[in-house]
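In: okay, structure incoming, though there's no sequence with it:
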Ligand code: ADP
Ligand code: MG
């Protein structure tokens, strides 16, 4: 079994007016790339800030490298790097000059570390170029270089891909994969767009309105997204109960427009219609559908985009 490096138990943050995180329990495995995914306002940043000790939980506990008391956590956090707000860099300075400033501020005696981190993030040859002439992707890489100065074993990155162009997304994705693979850094990364992280993460935590909706591995997600059964009946609520109680199906969701999607492998599709009939439900449609990632995500966490947009091929054909 993989070693757990971070464990949150019933983590809760109540701000004056609202509960941003509601009793969230999750674990991060050593060596994993764990994606925290949910729409804007779902509590991702608050969770990351609590992990970093920047926000105090109202209730619940955090254990990092086995420590959960204040002193132990402070020590454990020194083995981590956090990029939570947009990384700050002096615009007029070069990448190297910015890192040199940070090295001194952080009290790192090893001057060679600057060359190492510049090399790691692929900014070695930016020479005299000031940060103001950097692309957003380069700025993010500089932020990552800065976070790497202290040889972190865990990196926590809040939406580092937000706002990047497709090329920038690939750049950062490949960089994070490399840091995970070659430097053995465990990564916790958030995004409100699942597809941005789908080629990167080994584990996923889906969050909505401060609630953790689902936790699963990349393999499990892939399995669930390859295909699904779609059932539409004359009485979907009863159909749901029948599927649950008589056939024992637990992996399903209800489409906002009606109908049920089942993400489990079913050997005998006929059993479904027969069992539904026997229980007084008439199936109107029973078909196999390709489930795409975005559709799966929208059904799970909802969000600003409506479901029709994610699943209507007519719409995507028009655009
Ligand atoms: P996300 O990062 O997923 O967009 P946040 O963790 O930033 O979500 O926010 C979760 C909820 O908590 C939001 O509704 C937000 O308005 C609220 N919130 C965040 N920070 C504060 C704060 N300092 N004071 C009050 N409410 C906050
Ligand atoms: Mg946020």
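Out: It's in. Fair warning: this is a prediction, and the values are worked out from it, not measured in the lab. Ligands and ions are numbered 1, 2, ... in the order given.
In: what does the helix ranked longest in the chain rub up against?
Out: If you go by DSSP state H, the chain has its longest helix at helix 166-182. Outside helix 166-182, the residues that touch it by C-beta atoms under 8 Å, 6 or more residues apart in numbering are 31, 33, 120-122, 135-137, 140-141, 144, 148, 155, 157, 160-161, 164, 185-187, 189, 196, 199-200. All C-beta spots, glycine's among them, are computed from the backbone N, C-alpha and C.
In: can you do 6 Å?
Out: 33, 121, 136-137, 140, 160-161, 185, 187, 200 (C-beta atoms under 6 Å, 6 or more residues apart in numbering).
In: and these, which are buried?
Out: Taking 16 or more other C-beta atoms under 10 Å as the criterion, what is buried in those is 33, 121, 137, 140, 160-161, 185, 187, 200.
In: taking the chain, what residue is nearest to ligand 2?
Out: Going by C-beta to the ion, ligand 2 is nearest to residue 45 of the chain, at 3.2 Å.
In: contacting residues for that residue?
Out: residue 158.
In: now do the SS call for it.
Out: Under the three-state scheme (DSSP: H, G, I helix; E, B strand; the rest coil), residue 45 adopts helix.
In: if we can go back for a sec, tell me the two of the contacts of helix 166-182 that are most distant?
Out: By the measure C-beta to C-beta, 136 and 185 form the most distant pair in these, at 22.1 Å.
In: name the nearest residue to residue 2, ignoring sequence neighbours.
Out: residue 29 (4.0 Å; C-beta to C-beta, 6 or more residues apart in numbering).
In: cool, residue 113 as well?
Out: residue 149 (5.8 Å).
In: what is the burial count for that neighbour?
Out: When neighbours are counted by other C-beta atoms under 10 Å, residue 149 registers 19.
In: same deal with residue 35?
Out: Neighbour count for residue 35, taken as other C-beta under 10 Å: 23.
In: and what of residue 123?
Out: For residue 123, the tally of surrounding residues (other C-beta under 10 Å) stands at 21.
In: for it, give its distance to ligand 1.
Out: Going from residue 123 to ligand 1 by C-beta to the nearest ligand atom, to the nearest Å gives 27 Å.
In: cool, and residue 43?
Out: Going from residue 43 to ligand 1 by C-beta to the nearest ligand atom gives 4 Å.
In: contacting residues for that residue?
Out: Neighbouring residues of residue 43 by C-beta under 6 Å, 6+ apart: 20-21, 207, 210.
In: hmm, back to that, and after the longest helix of the chain, which helix or strand comes next?
Out: strand 186-191 (DSSP states H and E).
In: quick one: list the elements packing against whichever helix or strand comes after that following strand.
Out: The helix or strand immediately downstream of strand 186-191 is helix 194-197, counting by DSSP H and E. If you count contacts as 3 or more C-beta pairs under 6 Å, 6 or more residues apart in numbering; DSSP states H and E, helix 194-197 packs onto helix 293-301.
In: what sits against residue 284?
Out: Residue 284 makes contacts with 232-233, as judged by C-beta under 6 Å, 6+ apart.
In: how about 8 Å then?
Out: 232-234.
In: need the contact list for the residue of the stretch 201-319 of the chain found nearest ligand 1.
Out: Nearest to ligand 1 in the stretch 201-319 of the chain, going by C-beta to the nearest ligand atom, is residue 210, at a distance of 6.6 Å. By C-beta under 8 Å, 6+ apart, residue 210 lies in contact with 13, 19-22, 24, 42-43, 46.
In: and the helices in this structure?
Out: 44-52, 70-77, 95-105, 112-121, 136-148, 166-182, 194-197, 218-226, 236-245, 269-278, 293-301, 307-311, 313-318.
In: the ones you listed into a markdown table, with extra columns for mean pLDDT?
Out: Converted to a markdown table, the helices of the chain look like this (pLDDT from 0 to 100):
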| stretch | mean pLDDT |
| --- | --- |
| helix 44-52 | 98 |
| helix 70-77 | 97 |
| helix 95-105 | 96 |
| helix 112-121 | 96 |
| helix 136-148 | 94 |
| helix 166-182 | 93 |
| helix 194-197 | 86 |
| helix 218-226 | 79 |
| helix 236-245 | 90 |
| helix 269-278 | 84 |
| helix 293-301 | 76 |
| helix 307-311 | 32 |
| helix 313-318 | 33 |
